[in-house]
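Visitor: Pasting the sequence and the predicted coordinates here, then a few questions.
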Amino acid sequence: MSQVSLEGRVALVTGAAKRIGRSVALRLASEGADVVVNYRSSRGDANEVVAQIEAIGRRAVAVQADVAKREDMAALFAAAEKEFGRLDILVNNAGMFFPAKFEELTEEQWDRILDTNLKSQFLCSQAAAPMLRRSGHGRIINFASLGGLLAWPAYTHYCVSKAGVIMLTRCLARALAPEITVNAIAPGTISFAGDAPELAEDFIRRAPLHRSGTATDIDDAVVFLAQSAFVTGQVIVVDGGRSIT
């Protein structure tokens, strides 16, 4: 399979101050990329990510932006252009997750999760497309979820938002080809240090591999998609087999 090196590439990761976004940003830097570290409110955490990237010899910049607002997106990608003059990889990671019974789900909750999880990926991809086309090997990697494939009654709003991400990914893969590949990752339960063990117990019991995922499992999938030149319009499920049970 044709692959490209990430050495000297520029990546922008949304929601990169914490958890999966943070891990992805650091991994891309370790593979040779310079990184735009987007955050909404976690300035201190974002600056820590930048410092860690710079410590391994790559360039990075932290840029505050609400990815659900078009004006913020214009400023975010203008900052990337000014700092690096190019963009090769967009990772649409920013998102939110919270339960709500369907009968009690408010319009504000619905709009908030659809804006954060789906509208943001549309806005970011649209803003990034001209820079990614110039790259010659542009990549968009969206974060979906098992919730976009399975029906979780207490998370109707979340499931709908992530199902939308999957369809957006497929549409963009056709709309932006051949210059840009567009794929999605659908993680299962991913555990981090400090997480309550009981949160993953049901997942571990049901998943054929009998463990929750790690940030490294997701990072590996991101790097694969960032390097692959002949994969587009796909959803890579990283869930230890949970979705087949």
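Guide: Done, it's in.
Visitor: Just give the closest residue to the residue nearest in space to the middle of the chain, not the sequence neighbours.
Guide: A centroid search over the chain (C-alpha atoms, centre = their mean) returns Asn93, at 2.3 Å, as the residue closest to the centre. In this structure, Asn93 finds its nearest non-sequential neighbour in Gly21, 4.2 Å apart by C-beta to C-beta, 6 or more residues apart in numbering. No exception for glycine: its C-beta is placed from N, CA and C like everyone else's.
Visitor: Scan the helices and strands of this structure for the one with the lowest mean pLDDT.
Guide: Within the chain, no helix or strand scores below helix 201-206, which has a mean of 90 by mean pLDDT, DSSP states H and E.
Visitor: doesn't Ala17 make contact with the residue nearest to the centre of the chain?
Guide: No - taking contacts as C-beta atoms under 8 Å, Asn93 lies outside contact range of Ala17: 10.4 Å.
Visitor: roughly how far apart are the residue nearest to the centre of the chain and Leu12?
Guide: 10 Å (C-beta to C-beta, to the nearest Å).
Visitor: returning to what we had before: which residues touch the residue nearest to the centre of the chain?
Guide: By C-beta atoms under 8 Å, 6 or more residues apart in numbering, the residues touching Asn93 are 13-16, 20-21, 24, 143.
Visitor: Same question for Gln52.
Guide: 26, 29.
Visitor: still on that earlier bit, need the contact list for the residue nearest to Asn93.
Guide: Taking C-beta under 8 Å, 6+ apart, one finds 13-15, 91, 93-94 in contact with Gly21.
Visitor: Please apply the same query to Ala154.
Guide: Per C-beta under 8 Å, 6+ apart, neighbours of Ala154: 99-101.
Visitor: Tell me which of these fall in helices.
Guide: Counting by DSSP state H, the contacts of Ala154 place none of their members in helices.
Visitor: top of those residues by neighbour count?
Guide: With neighbours defined as other C-beta atoms under 10 Å, the most crowded of the contacts of Ala154 is Ala100; it has 16 neighbours.
Visitor: pretty sure that residue contacts Gln109?
Guide: Yes - between Ala100 and Gln109 a contact is recorded at 5.5 Å, counting by C-beta under 8 Å.
Visitor: Find the residues that touch each one of the two.
Guide: Counting by C-beta under 8 Å, 6+ apart, the residues touching both Ala100 and Gln109 are His157.
Visitor: So what touches stretch 163-176?
Guide: Counting by C-beta under 8 Å, 6+ apart, 92, 114, 117-118, 121-122, 125, 129, 132-133, 138, 140, 142-145, 147-149, 180-184, 186, 232-233, 235 sit against stretch 163-176.
Visitor: what do you get for stretch 121-138?
Guide: 4, 12, 14, 67-70, 73-74, 76-77, 80-81, 86-90, 92, 139-140, 142, 165, 168, 172, 176, 179-182, 229.
Visitor: Swap in 6 Å and give it another go.
Guide: Stretch 121-138 is contacted by residues 4, 67, 70, 73, 77, 87-88, 90, 92, 140, 142, 165, 172, 179-180 when judged by C-beta atoms under 6 Å, 6 or more residues apart in numbering.
Visitor: got the buried residues for that stretch?
Guide: Neighbour-count burial for stretch 121-138, with 16 or more other C-beta atoms under 10 Å as criterion, is recorded at 121-125, 127-129, 131-132, 135, 138.
Visitor: sorry, back to before: in helices, which of the contacts of stretch 121-138 appear?
Guide: 70, 73, 77, 165, 172.
Visitor: who's in contact with the third one?
Guide: Right, Phe77. Ala127.
Visitor: next one: the helix or strand Val24 falls within to chain centre, how far?
Guide: Assigned by DSSP states H and E, Val24 belongs to helix 19-30. Distance of helix 19-30 from the chain centroid (C-alpha atoms, centre = their mean, to the nearest Å) equals 10 Å.
Visitor: For the residue lying farthest from the centre of the chain, report the pLDDT, please.
Guide: No residue in the chain sits farther from the centre than Glu103, which is 29.9 Å out by C-alpha atoms, centre = their mean. pLDDT, Glu103: 95.
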